[in-house]
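Q: need a structure here:
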Amino acid sequence: IEIEKKSKPDFAHGDGPLFISFGRQPVIEYYDYISVLKKLRKRYDLTYWIIRSDRKIEEFNDEWIIQNVNRPSLEQLYEYLACADIHLLPKGDTKKVVVSSTCYQCLSAPCPMVVPNTRHFEPLPVDEDGVGPVVIYRDRVDLERKLIRLIEDEEFRNRVVKNAREYAKKYSTRAVAKMFLKLFSEISS
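A: Numbering: from 1, shown residues only. Take a look at the predicted model:
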């Protein structure tokens, strides 16, 4: 699915950036984002839109944090992502390499995705600064630096979105099926 940018919802603050997260991750996985966004509020009139499938997070009750309880379809999710400027994907650390289905299902969205440096994103090709189809941050200082760059540098933001879409296209089900067909053809000849 590939959707173009849409206008922001009425609840978004002014012309400031709209950040979005969705899912039902444990509350602790949002702390880096909340901490850094609180600091960035002094500089930007930002809004953080959290969509959770089970319940709102009671401790996040600042006026710039908008919470909805909803289980959007994939199409609706892409509509939400098309309204946002930056997708913040909370993910806790894990000992084994696992694939984040949320990451892969949202790579074609028209907003860049920011993720923590956990094993969920280890397979993604990123440069030495953690930039590729997603933006990986190491700690809160790095997160703040990268969010400021995404907000202020349109060329950088567009490059991350382009990287993500190219990666999604390269590893789409159609592309992977073609690779397997080619492999099977070579093996059987």
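Q: where in the chain is pLDDT low?
A: Across the chain, the ranges flagged by pLDDT under 70 are 1-3, 172-185.
Q: show me where it has strands.
A: For the chain, strands defined by DSSP state E occupy the ranges 18-23, 47-52, 65-69, 86-88, 113-116, 135-137.
Q: what's in contact with the first one?
A: Same thing as strand 18-23. 8-9, 12, 30, 33, 37, 46-53, 72, 77, 80-81, 83-90, 102, 111 (C-beta atoms under 8 Å, 6 or more residues apart in numbering). All C-beta spots, glycine's among them, are computed from the backbone N, C-alpha and C.
Q: circling back to that earlier point, so can I have a markdown table of the strands of the chain showing mean neighbour count?
A: Putting those into a markdown table (neighbours: other C-beta atoms under 10 Å) gives the following:
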| stretch | mean neighbour count |
| --- | --- |
| strand 18-23 | 22 |
| strand 47-52 | 22 |
| strand 65-69 | 16 |
| strand 86-88 | 25 |
| strand 113-116 | 23 |
| strand 135-137 | 24 |
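Q: Looking at these, spot the one closest to residue 96.
A: Set against residue 96 and scored by C-beta to C-beta, the strands of the chain come closest in strand 113-116, at 15.9 Å.
Q: Which strands or helices does that closest one pack on?
A: Counting contacts by 3 or more C-beta pairs under 8 Å, 6 or more residues apart in numbering; DSSP states H and E, strand 113-116 packs against strand 86-88, strand 135-137, helix 140-152.
Q: Residue 6: neighbour count?
A: Applying other C-beta atoms under 10 Å, we find 14 residues neighbouring residue 6.
Q: need the contact list for it.
A: Contacts of residue 6 by C-beta under 8 Å, 6+ apart are 79, 82-83.
Q: ok, residue 156 to residue 135 distance?
A: 9 Å (C-beta to C-beta, to the nearest Å).
Q: One more: residue 62?
A: In terms of C-beta to C-beta, residue 62 sits 24 Å off from residue 135.
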